[in-house]
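Colleague: Sequence plus predicted model, see below.
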Amino acid sequence: MIATHSVKMFNARFKNSPVSARIERVPENVICSKTINMRREMWAAPSNSADMKKYREEVAELPEDFVPDTIFPGITDPQIKQLLLPIDWRNDHYVSVTPVPSLGVIHEVYTRLYELELPYRKWLIQPIPAAISNHGEALVRQGGAVRMLRRGPAKIQEKGSWKGDFVKLTARCEGMNISSGMVAVGFPAITAIGGYVHSLERKLGQDIEFAFGMKSADWISGLKSFGRTIDKKGKKVKPGYSTEEIVSNCEIVLLLKTEEKQKELCDLLLNTHRLAGGSLFDVDVSIINDGIPPSASYLIDASSDIYRKCKKEGIDNLQAALKMYGMDGSWVKEKWHQPSANNGYTLNQTGYAFLEKPKDRAGSRGNYRHAWAEPVFSLINQGSMTENCWWFRENKKDNCGVFWKGRSAI
């Protein structure tokens, strides 16, 4: 079929049909299929690669003003990811969400990074040419790879003067997933950090704000082994690999702020062993009162910068983000091949926009209502710790998704 979103984009092993839909409502400063001008919205996404030619011809014949039919498949593959996102967690109101990437958004990032001559990390999703069509037309057009913004921790020279009350966790995290929705590489997704923090909220019974910083990151090359597969004859056994994650060994700082129960929160953190797919070692947890946090590169929500640039230059959200990532062309002019330590802008996955109103669906995790949802991204910056570095979860009253937002964007 032809579609707008597909779970097979990054993982051809999934046997679920694609989605054809548009986001109805979303925060105006995020990057997603509703807020950028995509050169292609519809793509051939057949379940069987043998039908690729047929559906590519169908897409080629679509008129410019074509409005896609809304199609939501059932959950036919039990292996596809389902996340439980809180709507009203105190009353056990959750939605089971299956993230499904927008083919148009991934292709725009891939194309514009090249057109603007910006530094990027090219990541091979499918190394076997004959198998690329199993992922759909978008990945075929991209030669089986994606391009991502790349950015490591900026060199923060000053410790900063901000003081406050918080609970501090510092640790060495090995194997942390730093591929944020396969759009940017270098930091774990805010959604991953926020998901972990919510698990603490449930145990503590309190809302928690968080700030996340990194002192260093050592990217690990190569593919991650996930198991073994057997050939058709059932004889040969060979390792299988996952290309959905890029991992790093990092030194991290996680600051948590809650109104009370700080001691209980410390006890929970001392029993923490995993974060964003990585394993924690040398964990140190303490309660800080009117103190200065450790020096690190803290992530800051820079969504308001997108708003100002879009309004000033009349460009879409993605173009504004990329221009700030590229320092308005400085990288091109000076022919820099490495990201500048003085520029901390990049993208990060900060939420999920519902493509449909959550509904009862067979196979939904925990029997909660289910929704197909598109990952959305925000422009972030880096700096020493300030009040702007705090993040919190924002639930829209119209139930259009779940998003994490920084204090600097309020």
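Modeller: Good, I have the coordinates.
Colleague: going forward, measure contacts and count neighbours with C-alpha atoms only.
Modeller: Will do.
Colleague: Quick check: which ranges of the stretch 201-350 of the chain have low pLDDT?
Modeller: Judged by pLDDT under 70, the stretch 201-350 of the chain has its weakly predicted residues at 221-244, 328-342.
Colleague: all helices of it, in order?
Modeller: Secondary structure of the stretch 201-350 of the chain (DSSP state H, counting those that start in this stretch): helices located at 262-270, 303-313, 317-325, 330-334.
Colleague: got a list of what residue 23 touches?
Modeller: 33, 34, 353, 354, 355, 356 (Cα atoms under 8 Å, 6 or more residues apart in numbering).
Colleague: how about JSON lines for those residues, with distance to residue 268 and secondary structure added?
Modeller: Converted to JSON lines, these look like this (distance: Cα to Cα, whole Å; DSSP: H, G, I helix; E, B strand; the rest coil):
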{"residue": "33", "distance to residue 268": "38", "secondary structure": "coil"}
{"residue": "34", "distance to residue 268": "39", "secondary structure": "coil"}
{"residue": "353", "distance to residue 268": "30", "secondary structure": "strand"}
{"residue": "354", "distance to residue 268": "31", "secondary structure": "strand"}
{"residue": "355", "distance to residue 268": "35", "secondary structure": "coil"}
{"residue": "356", "distance to residue 268": "35", "secondary structure": "coil"}
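Colleague: ok, so of those residues, who is nearest residue 107?
Modeller: Taking Cα to Cα as the measure, residue 107 lies nearest residue 33 of the contacts of residue 23, at 10.9 Å.
Colleague: so which of the helices of the stretch 201-350 of the chain comes closest to residue 48?
Modeller: helix 317-325 (32.2 Å).
Colleague: Which positions in the closest one come out as buried?
Modeller: 317, 318, 319, 320, 321, 322, 323, 324, 325 (16 or more other Cα atoms under 10 Å).
Colleague: Likewise for stretch 139-148?
Modeller: Result for stretch 139-148 [16+ other Cα under 10 Å]: buried residues 139, 140, 142, 143, 144, 145, 146, 147, 148.
Colleague: With secondary structure added, can I get the residues you listed in TSV?
Modeller: Shown next, in TSV, are those (DSSP: H, G, I helix; E, B strand; the rest coil):
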residue	secondary structure
139	helix
140	helix
142	coil
143	coil
144	coil
145	strand
146	strand
147	strand
148	strand
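Colleague: can I assume residue 148 is in contact with residue 108?
Modeller: No: applying Cα atoms under 8 Å as the test, residue 148 and residue 108 come out as separate, 10.8 Å apart.
Colleague: Look at the nearest residue to residue 362 once chain neighbours are set aside and report its pLDDT.
Modeller: Once flanking residues are discounted, residue 362 sits nearest to residue 75: 6.8 Å by Cα to Cα, 6 or more residues apart in numbering. Note on residue 75: pLDDT of 96.
Colleague: Next, find the distance separating residue 75 from residue 7.
Modeller: Residue 75 sits 11 Å away from residue 7, taking Cα to Cα, to the nearest Å as the criterion.
Colleague: Poorly predicted segments of the stretch 51-200 of the chain, please.
Modeller: 157-158.
Colleague: hey, where'd the helices end up in it?
Modeller: Going by DSSP H, counting those that start in this stretch, the stretch 51-200 of the chain shows helices at 52-60, 103-115, 137-141, 190-204.
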